[in-house]
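Q: coordinates for the following, if possible.
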Amino acid sequence: MMTGSITESHGCPLCTESYDDRMDLRVHLEVEHRKSEVVAYLMEFDAAVTDVSADREPPTVDEERSAPSA
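A: Predicted coordinates for the structure are as follows:
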């Protein structure tokens, strides 16, 4: 039987800080790291996990879309 609760730690992806509460991590990111630093990290992370193929064609826009009704 467990007597204590298991808490999940939320680590900052930009430094070594770690928080038990997600809101504390959010405050840390907003206060300690510049928005541009956070955005740059997220863009690099996204590029690393997204398979972008050079020979893949970009999606085309359907030119004959109907106009939204009023």
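Q: walking through the chain, point out its strands one by one.
A: Counting by DSSP state E, residue ranges of the strands within the chain are 10-11, 18-19.
Q: mean pLDDT lowest for which of those strands?
A: Comparing mean pLDDT across these, the weakest is strand 10-11, with a mean of 92.
Q: one step back: want to throw the strands of the chain into CSV with distance to residue 33 and mean neighbour count?
A: Every C-beta, even on glycine, is put in place using the N, C-alpha and C of the backbone. Formatted as CSV, the strands of the chain follow (distance: least, Cβ to Cβ, whole Å; neighbours: other Cβ atoms under 10 Å):
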stretch, distance to residue 33, mean neighbour count
strand 10-11, 13, 14
strand 18-19, 14, 14
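Q: among those strands, which comes closest to residue 41?
A: With Cβ to Cβ, the closest approach to residue 41 among those belongs to strand 10-11: 12.9 Å.
Q: what bridges to residue 11?
A: Assessed by DSSP bridges, residue 11 has beta-bridge partners residue 18.
Q: ok, residue 31 to residue 15 distance?
A: Separation of residue 31 from residue 15 (Cβ to Cβ, to the nearest Å): 12 Å.
Q: the two: which has the busier surroundings?
A: Using other Cβ atoms under 10 Å, the more surrounded residue of residue 31 and residue 15 is residue 15, with 11 against 7.
Q: among the helices and strands of the chain, which has the poorest mean pLDDT?
A: Using mean pLDDT, DSSP states H and E, helix 35-49 stands out as the lowest-scoring helix or strand of the chain, at a mean of 86.
Q: what comes into contact with that one?
A: 13, 14, 29 (Cβ atoms under 8 Å, 6 or more residues apart in numbering).
Q: any chance of a ChimeraX selection covering the buried ones in the residues you listed?
A: One line in ChimeraX is enough to select the buried ones among those; burial here means 16 or more other Cβ atoms under 10 Å:
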select :29
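Q: would CSV of the contacts of helix 35-49 with pLDDT and distance to residue 43 be doable?
A: Output for the contacts of helix 35-49, formatted as CSV (pLDDT from 0 to 100; distance: Cβ to Cβ, whole Å):
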residue, pLDDT, distance to residue 43
13, 90, 13
14, 90, 13
29, 90, 15
